[in-house]
Every structure is written in structure tokens, then in C-alpha cells.
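Chemist: Build me a model:
(2 chains)
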Protein chains: 2
Amino acid sequence: MTARDTAIVAAFEALSALLGPRFSRSESDRALHGRSESAFPEMPPDAVVYPESTDEVAQIARICHRAGLPMIGWGAGTSLEGHAIAPRGGVTVDFSRMNKVLQIAPEDMVAIVQPGITREELNTELRATGLFFPVDPGANASIGGMASTRASGTTAVRYGTMRANVLGLEVVLADGRVIRTGTRAPKSSTGYDLTALFVGAEGTLGLITELTVRLHGQPEAIRSAVCAFDDMAGAVNAVIATIQSGIPMARIEFVDRAAAAVFNAGAGTDWPDAPHLMLEFHGSEQAVAEQTARFAEIAADFGGQGFRWAEKPEDRTALWTMRHNTYRTAMMQFRDRDPLTTDICVPISRLAEAVEETAAEIAASGIPGPIVGHVGDGNFHALLLPRKGDAEEWGRAQDLAANMAKRALRLGGTVSGEHGIGMGKTKYMALEHGEAWQVMGAIKAALDPEGLMNPGKLLPGN
Amino acid sequence: MTARDTAIVAAFEALSALLGPRFSRSESDRALHGRSESAFPEMPPDAVVYPESTDEVAQIARICHRAGLPMIGWGAGTSLEGHAIAPRGGVTVDFSRMNKVLQIAPEDMVAIVQPGITREELNTELRATGLFFPVDPGANASIGGMASTRASGTTAVRYGTMRANVLGLEVVLADGRVIRTGTRAPKSSTGYDLTALFVGAEGTLGLITELTVRLHGQPEAIRSAVCAFDDMAGAVNAVIATIQSGIPMARIEFVDRAAAAVFNAGAGTDWPDAPHLMLEFHGSEQAVAEQTARFAEIAADFGGQGFRWAEKPEDRTALWTMRHNTYRTAMMQFRDRDPLTTDICVPISRLAEAVEETAAEIAASGIPGPIVGHVGDGNFHALLLPRKGDAEEWGRAQDLAANMAKRALRLGGTVSGEHGIGMGKTKYMALEHGEAWQVMGAIKAALDPEGLMNPGKLLPGN
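Modeler: Modelled structure (predicted):
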């Protein structure tokens, strides 16, 4: 055995001694943690650990640090850019046992949670408080994972992304040091904003072991609706006008004709063959009535018609569940095709160009590619569906995705609105950030000089 | 001459050649840039430069970097913690000639500005657009300075601090590299949030040369009011109840009895001898009416009475100008006393404790100390006024300030809500941040290994 092999064996023995059965090297555990929701090849870690406390995570980090073993955080495994797979092996730190709400402080509208709790679990615990945690990426992701990818989703247009909704963190660094960032006060001006630095760092700077998140009051009134438009330009321009008019939309989602067809075929709707907007309004009864009326006027100006209102809570839930299941519903219909997800975000003024150019290029390619999007933020996704095993179609789908990314940059936007970089999008980082990507690399080297935290993701030289 | 002296002479020659009369070593320029609004001793730089472009700033940085000369950014000189004075000499980069609006994009609700423009100048340029830049620290600070200190002020309770209102930056690093952070898209998930890292970094990581800031729609209706309360507890608890009820206050400011007396004696008001709240409501006519009615109910529950409404725009302006001039008005009345400003921020649930304990301790000290605060954020200031030249009173005032900082931490808050750290509050950084302060130091060392950017501020080992 080399010295390195000896160190690794010693590390595994130490982890086993520390964690007992919560240290695993089984094939099934490793394989499970080597897979993602996307088309990346399986890249399993050498071991998986299931800590139950910050102190255990710190000890795990010290052990791995000593042996030079990579550490990869794992939440719910729902990321789309291969964030949590293990291209260089190492130890996956699965937070499923650190899934508690540690404190709910309704008077400060914050909750303190462990990273493994999912957003649905958190909202279940909050139900009786009159408060809720708004960030909703669709998947029932873990709060730690959502922070690490700076997740957003349908409600960010009103409540902000994870950037705005994480107030403080506890983080275990690569060498096992434990730091706290932020406070429970609503604002602070005391030095570098480390909270914002760890949010979106994709686990490359440390392992998040605790989060203080902002809660919001459950709105007194909620109305949801679907509205069809004559054409894509009408729907998208209605969104632009709505956002510019300042109506505080809680949700405003674009669904193109192809995505509407997916719902009709797979989710039991009978929508017209047209592009749609899915809408939600939050506020007092009076505010919702006012918002609804103002939106209806704008929609009418752009050819919107046939509002269908989801009045009952269960109808609303069904509507948004259907939206969240777009990917799954589509994949049931396109069984002979592989999914390639995309995620670009542009300034709202360039949204129409971005969507129309993308749709035209997809149509010309002959590859199916329904488009849905959190368009109130300028963010949308095409689900590209090249034929399984057809390398030429897969290549053309990749080209479509690359063109979307470049289009976003040309229009002053970003190559990822919410999915993050992971292993999938490092190829665009220099294009988007230029020299600033090297600055990210310098920060990484300062906090994790051995490059042990989630290697192979996000950063230059990976 | 030593080698270092030679290098500095060469640097000054190079700066002079580059900038002509916009490079100055005059006593008056140096003295002006060595002073702050607070009681720090004068610490002048060795030279002052007045660049007109990013390219000039980059060349200045390269020249200074070669000679090992510190670089200190200067906006409007309004900071309160000695952020822009030059304890180690060097070159102050005065941004007063980089004060242009480069672009207003109303359709994206953003403006691109140079750092030297002040918030009032920006809002004057925006007047015709129907949009405004909301962050209002009171002083007519520069936007670059406000970003660097993560400023906030009276409107942050509604519109957020600079953290929420800076979307992207151009920054010149210590070695002259120019980077861009962020995009014009409303959100992004592509790597470390460098924008948030430079906002609040107090010029210790680089010089901001351009900012993309968020604009907001001018509200259709605005109402301002003042309301007296029987006692401090009533006023503060009314704030807590208001914030917890979710009324979207545009401003909610606490003024204690002593501060009300300052206004009465120096600003022409005839307020009752009582604690007050100063309020502002923004929204549609209907929304403002609804918010006003809901607030009035809460205020009545806590002993609020005698609303005085500022109906006309000029009355509103007068009201907030008076609030912004609290410091100046107080100093005119207390000519035999020196000012010691304070700035703590606590979770909203602990606000009553924080204000009442502070007020009681100030009262017991016999030192005047009017209290005002952006209490909707849990943030307040006591202006401590020890007798000029009385070292014992100055010492006791310092103790009061230290106790406020420690109280904030004990209550889960922060030692600065908005003024920042600068030279004045490094003594509390280890207490508030523990090991995380060392992490800030590691980031500093990674981006500015020679320690040239605004040395002597914010960081450990300074």
C-alpha cells in the first residue's frame, strides 16, 4: 500500500469507529450517491456517511482532511447539474438524518433548521404558525441543497431566491473548523457577507450544517388561474408588461404550446392548443382583487383569454403539482427520448427575444423541446428531447443548449437562473464571468487549499 | 533613499504623468481626505487622485501595486467609522469625477452608474422615469460608498439594504485587474456571489468603478405621519406588532423623548414631550388607505395618539430632512459636547429590551444620548454626547457604546446595522464572528495578498 492508501484505510476505520452503521461502503449506498437526475454517468463516492450532528460533521471533515479525501454534501439528490455526484471519489456526507427544525421564532419570522429537511417537511411543520417558507424549486429538495445551489423556482418573482431567504448559516470548513455567519437581526453591516458567499457555492467551500431562514406570513387570500394566449409573443409580452407595471405577482409561469400539450396528454387537462400563463396572486382580499383586475386588463391587451380560476385550495395544489411534474409527465410521454434540461435567465426586457429565438431554433431542429419558465424573473427552461441512443440528435440537442446559454449572455443574462453549474456548465463560466471566475478560484484556494470540498464542480481548473 | 522610497517617487511621477492636475499632493487635499465625520484623528493619505474612467483606476492600481502603496476609495466622505481615512498613508482614489449615470434601463428597472454619483443626484436623474433608487442612509452619500458599507437607512424596512439593491459591479482589484460581477438578469445561479462579497467589503477587496442598481416604481400614493406614544415601551411594541402583522411599511422610525426635544428646540417642531414614531406608507391609493387604517389600529392598542399627517410633498420632504439632520441639529444644541455615534441591530422580538435597557443605562449615566432608529429593521442609534475635553465622560460614553454592542450580540443581533466596521468597530469583530472573522481574513489575503486595499480597516491583524 502507498502512504496515501494507508491514510485512506485509517480514515475509513476512524469514520467507522465514529459512526458505526452510519458509515457505509456498500455498493448500493455508493451507487445511489453516484447518480443524479440528469444524464451524467454514474460517479460513486468511496463511502457514504450519515451524520446526526454538527460535531460529527466536523469530525468527519477532520478525518477526511487528514487523509486528503474529497467531501461531497448530499441533500435530497434532486439537483440537475450533477452537483452531488463524486467524480473524484471520496466521502459523500448524506444529511438525511440532520433533518430537524431546531427552532421556529414566529416573532422574528425565522426558522433555524438542519440542512437535510426538505422544503415540504419544513412547510408542514410551519402550518400552524401562520407562516411559510416560500422558495419552491418544484422538486422536494432539501433546504441545505437549495441554499447550496441558490435555488429559486415559481415564487421567487415575489419572495426572492435562496439569496434573499437565508439569513445565517453554520458551516463546517474543509479542515473541520465550524463557523457561523449572519445573525437573526434583519440586516448587518459587519464585514464580508459570508452567508451570501456560501449560498450558491455548491458545497465547494464547506458543508452547511444549520440554516437560519426567513419565513413569510401566509397570505390572507390566494387566487390562482390559467390564461391562454393567441401566440407566444402575446403571452411573453403580457409578462413583461405585468412585471414592469409593478403588480406583485406571487407566481407567473409561461407554458408554451408544446408544454400545454404535455399537460393535456399526461395530466388530464383540456387546455386549448395555445401558449399559457399560470398565475398566482397573494395578499389581502382587497389587494388580490386589485391585482387580479389589473392583470386581467394587461392580459386582454395582449390577447389573453379564457381565464380558468382554481378557487379551492385543492385545485390550486393540483395546478402547481402539475406544473412541478412537467419533467416527469413529459418523460412518461417521450419514453424513447433522453432529457436534456436547460435553464437560462435574461433581463425582463429581452425575454420575448430570448424565448422566441429559442423556440424557433428548437422548432427548426425537429427535436421536441417544450418550454416552461419562471418568466417573471426572465428565467425559462426548454426540455430538449433527443432520441435515445441517437448520438447525432444528442449532439444537436447539446448545440441547442449551448446556443441558449450564449443567447442568454448576448442578451445581458446568465447561463443559469437556478439550476447552478455543477459538472454541467463549467464550460460557460469563463464566457459569463471572465477574470471573475479566477477570483472565485482564488477564494476557493483560500478556504480549501487542498481542494477537498466537492471537487470537479463549478471552479476553474476542475 | 531606500528602494521603497525610490519606488514611491516613481509611482508618484507615474500618477502625475497619467493624471496631470488630477494627481495632488497638496496639504489641503491630503488633509481633507484624512478627516471623517467622526472623532478619529486626522490620518491623511500621501496623495489624492481623481480618476475619470475605469481604465484610469486600473492604471492607478497597477502603479500603486508596483510600489506597494495603499489605495483608499473615497466617495462623499460621509461614513461614520473612519472608512475612508488613511492610517497607513497611500493614495486616496476620490471618485467625485466618476459621477455619471451611464444608463437607465426603465424596462429592466435598473440603472448603471459610476461610484461617485450621490443618491440624491441619481434620484434627480431618475425623476422623469417614474422610478427611484430607494436606499436612503440620510447623508447624501455616494452610491459607491453606500455599496461599500452596505448602507441602508429609513427605507430598508420596505426596499432592503444595498445588499438587495446592487445587482452587479465592475471592480478594479489591487493588482489592476478589472472584473465584472452579476448580470442584468434578476437572478443567477452561476457561482460565488461576488457582488454580495464586494458589497460591504469597505473597499478592502477592490475599488468599485461601476454599479448596476435596482430601481423601484415611484409609488402612486405616499402618506407620512408622526404619532406620539405615552411611553417608550408603547412605541417600540407598536413597531414590533406592525412588522409582525406584515404591513409593508415604507418607513417606521423611532424617536425617543430626548430626540423629540432636539427637534423641538432646533427644527421648529412643537411635538409633545413624548416618544414618537415617524411613518411612511407607499402603494396604490387603496393600499395606502388600507395600510394606514391597519397601522392606526395597532398604534391605538399601544397608546399611540395625535397623528400628524404630512399631506403635501413639501411637508413630507421637510419631515424626512429633519429626521436626516438629527445629528447636525443635536450638535448645534450641544456645542460643549463631542458626538459618539452608535449603531446596533437586533431581532425584532428583542427590540423593546434592547432600546429600554440602552435608554435606562444612558439615563443613569447622566450623559445626554438621544435615540433614533430604523426600528422596523431592529436597528437604532444613540447619539452619546460626553462633555468636550472631559476624558472621564468620554470614557464612560465609550463604555455605554461597548455595552450597546455587547447587548446586541447577547440578544442575537449585530454590532452594526448599517454604519459598518471601518476603524471604529474592529474591536467587536471577533466577538460577533469568532472564527468566521479569520475566514474573512483568508479571503482578503487571497484577493489582496499585499494588503494594499484600504488597510487598517475591518479585518483581523489590522
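Chemist: rest of the way, CA atoms for contacts and neighbours
Modeler: Will do.
Chemist: what's the first-to-last distance across stretch A:16-31?
Modeler: 19 Å (Cα to Cα, to the nearest Å).
Chemist: So what's the residue count around A:Glu125?
Modeler: By other Cα atoms under 10 Å in any protein chain shown, the residues close to A:Glu125 number 15.
Chemist: what does the stretch 151-300 of chain A have sitting close to chain B?
Modeler: A:151, A:161, A:164, A:177-181, A:183-194, A:196-202, A:217, A:244, A:246, A:287 (Cα under 8 Å from any Cα of the partner chain).
Chemist: Just the buried residues of those.
Modeler: The neighbour-count test (16 or more other Cα atoms under 10 Å in any protein chain shown) marks A:151, A:161, A:164, A:178-181, A:183-194, A:196-202, A:217, A:244, A:287 as buried among those.
Chemist: Filter those residues down to just the ones in helices.
Modeler: Mapping those onto helices (DSSP state H) picks out A:Ala164, A:Leu194, A:Ala196, A:Leu197, A:Phe198, A:Gln244, A:Ala287.
Chemist: how close does the fourth one get to A:Met71?
Modeler: Which is A:Leu197. Relative to A:Met71, and taking Cα to Cα, A:Leu197 is found at 19 Å.
Chemist: A:Leu173 too?
Modeler: For A:Leu173, the distance to A:Met71 - Cα to Cα - is 10 Å.
Chemist: neighbour-wise, which of the two wins?
Modeler: Neighbour count, other Cα under 10 Å: between A:Leu173 and A:Met71, A:Met71 has more, with 31 against 25.
Chemist: was I right about that one contacting A:Arg88?
Modeler: No - the pair A:Met71 / A:Arg88 is not scored as a contact, 9.7 Å apart, by Cα atoms under 8 Å.
Chemist: follow-up on the earlier one: tell me, what's touching A:Leu173 and A:Met71 both at once?
Modeler: A:Ala61 (Cα atoms under 8 Å, 6 or more residues apart in numbering or on different chains).
Chemist: quick one, what contacts A:Gly369?
Modeler: A:Gly369 touches A:Ala258, A:Ile362, A:Ala382, A:Leu383, A:Leu384, A:Leu385, counting by Cα under 8 Å, 6+ apart.
Chemist: what do you get if the cut-off is 7 Å, keeping everything else the same?
Modeler: A:Ile362, A:Ala382, A:Leu383, A:Leu384, A:Leu385 (Cα atoms under 7 Å, 6 or more residues apart in numbering or on different chains).
Chemist: who does whatever helix or strand A:Ala360 lives in touch, helix- and strand-wise?
Modeler: Taking DSSP states H and E as the criterion, A:Ala360 maps to helix A:351-365. Secondary-structure packing of helix A:351-365 (3 or more Cα pairs under 7 Å, 6 or more residues apart in numbering or on different chains; DSSP states H and E): helix A:232-244.
Chemist: Restricting to C-alpha, output the next helix or strand after the helix it packs on in CSV.
Modeler: Where DSSP H and E defines the elements, the next helix or strand beyond helix A:232-244 is strand A:251-255. Only the C-alpha atoms of strand A:251-255 are listed here, as CSV (Å, rounded to 0.1, in the frame of the first residue of the first chain):
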residue,chain,number,x,y,z
ARG,A,251,-46.3,33.3,-9.5
ILE,A,252,-46.3,34.0,-13.2
GLU,A,253,-45.2,31.0,-15.3
PHE,A,254,-45.0,30.6,-19.0
VAL,A,255,-46.1,27.3,-20.7
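Chemist: hmm, who's touching strand A:251-255?
Modeler: A:154-155, A:157, A:275-281, A:371-376.
Chemist: what do you get for stretch A:139-156?
Modeler: A:75-76, A:78, A:115-120, A:134-138, A:161-163, A:198-203, A:208, A:250-251, A:324, A:374, A:418-420, B:189.
Chemist: Quick check: the gap between the residue nearest the centre of chain A and A:Gly144.
Modeler: Among the residues of chain A, the one closest to the centroid is A:Ala151, at 3.6 Å (Cα atoms, centre = their mean). For A:Ala151, the distance to A:Gly144 equals 10 Å [Cα to Cα].
Chemist: same check, this time on A:Thr317
Modeler: Using Cα to Cα, we find A:Thr317 at a distance of 24 Å from A:Gly144.
Chemist: Comparing the two, which shows the higher neighbour count?
Modeler: Between A:Thr317 and A:Gly144, counted using other Cα under 10 Å, A:Gly144 has the larger neighbour count: 31 against 13.
Chemist: Which secondary structure element is home to that one?
Modeler: Assigning secondary structure by DSSP H and E places A:Gly144 in helix A:143-148.
Chemist: and that helix, how far from the chain's centre?
Modeler: 8 Å (Cα atoms, centre = their mean, to the nearest Å).
Chemist: A:Glu210 pairs with what?
Modeler: Listed by DSSP bridges, the beta-bridge partners for A:Glu210 are A:Glu170.
Chemist: Report the separation between it and A:Val166.
Modeler: Taken as Cα to Cα, the span from A:Glu210 to A:Val166 is 11 Å.
Chemist: which of those two has more neighbours?
Modeler: Higher neighbour count among A:Glu210 and A:Val166: A:Glu210, with 26 against 23, using other Cα under 10 Å.
Chemist: Is it correct that A:Met278 is in contact with A:Val226?
Modeler: Yes - using Cα atoms under 7 Å, A:Met278 makes contact with A:Val226 at a distance of 4.6 Å.
Chemist: just to revisit the earlier point, find residues that contact each of A:Glu210 and A:Val166.
Modeler: Here A:Glu210 and A:Val166 share no contacting residue, scored by Cα under 7 Å, 6+ apart.
Chemist: which strands and helices sit next to the strand or helix carrying A:Ala408?
Modeler: If you go by DSSP H and E, A:Ala408 is part of helix A:391-410. Packing partners of helix A:391-410 (3+ Cα pairs under 7 Å, 6+ apart): strand A:344-345.
Chemist: number of nearby residues for A:Arg22?
Modeler: A:Arg22 has 17 nearby residues by other Cα under 10 Å.
Chemist: any low-confidence regions in chain A?
Modeler: Low-confidence segments of chain A, defined by pLDDT under 70, are located at A:462.
Chemist: okay, now the domains of it?
Modeler: With domains defined by automatic domain parsing, chain A comprises A:3-96, A:99-217, A:222-410.
Chemist: Can you name the residues of the stretch 1-150 of chain A that neighbour chain B?
Modeler: Within reach of chain B by Cα under 7 Å from any Cα of the partner chain, the stretch 1-150 of chain A has these residues: A:Glu107, A:Asp108, A:Thr149, A:Arg150.
Chemist: out of the residues you listed, which are buried?
Modeler: Here, 16+ other Cα under 10 Å leaves A:Asp108, A:Thr149, A:Arg150 buried among those.
Chemist: So the residue of the stretch 201-350 of chain A at minimum distance from chain B versus A:Arg335, what's the distance?
Modeler: Using Cα to the nearest Cα, A:Pro347 is the residue of the stretch 201-350 of chain A that sits closest to chain B, at 4.1 Å. Distance, A:Pro347 to A:Arg335, by Cα to Cα: 35 Å.
Chemist: With A:Lys388 instead?
Modeler: From A:Lys388 to A:Arg335 the distance is 9 Å (Cα to Cα).
Chemist: try A:His83
Modeler: As judged by Cα to Cα, A:His83 and A:Arg335 stand 25 Å apart.
Chemist: what do you get for A:Gln103?
Modeler: According to Cα to Cα, A:Gln103 stands 44 Å off from A:Arg335.
Chemist: and what of A:Met429?
Modeler: In terms of Cα to Cα, A:Met429 sits 32 Å off from A:Arg335.
Chemist: When those two are compared, which one has more neighbours?
Modeler: A:Met429 (21 against 12).
Chemist: for the closest residue to the more buried one other than its chain neighbours, helix, strand, or coil?
Modeler: Once flanking residues are discounted, A:Met429 sits nearest to A:Trp437: 6.7 Å by Cα to Cα, 6 or more residues apart in numbering or on different chains. The local conformation at A:Trp437, judged by DSSP: H, G, I helix; E, B strand; the rest coil, is helix.
Chemist: ok, now A:Ala228?
Modeler: Assigned by three-state DSSP, the conformation of A:Ala228 is strand.
Chemist: Contacts only, for the residue of the stretch 201-350 of chain A closest to chain B.
Modeler: Taking Cα under 7 Å, 6+ apart as the test, what A:Pro347 contacts is A:Gly378, A:Gly412, A:Gly413, B:Asp108, B:Arg184, B:Ala185, B:Pro186.
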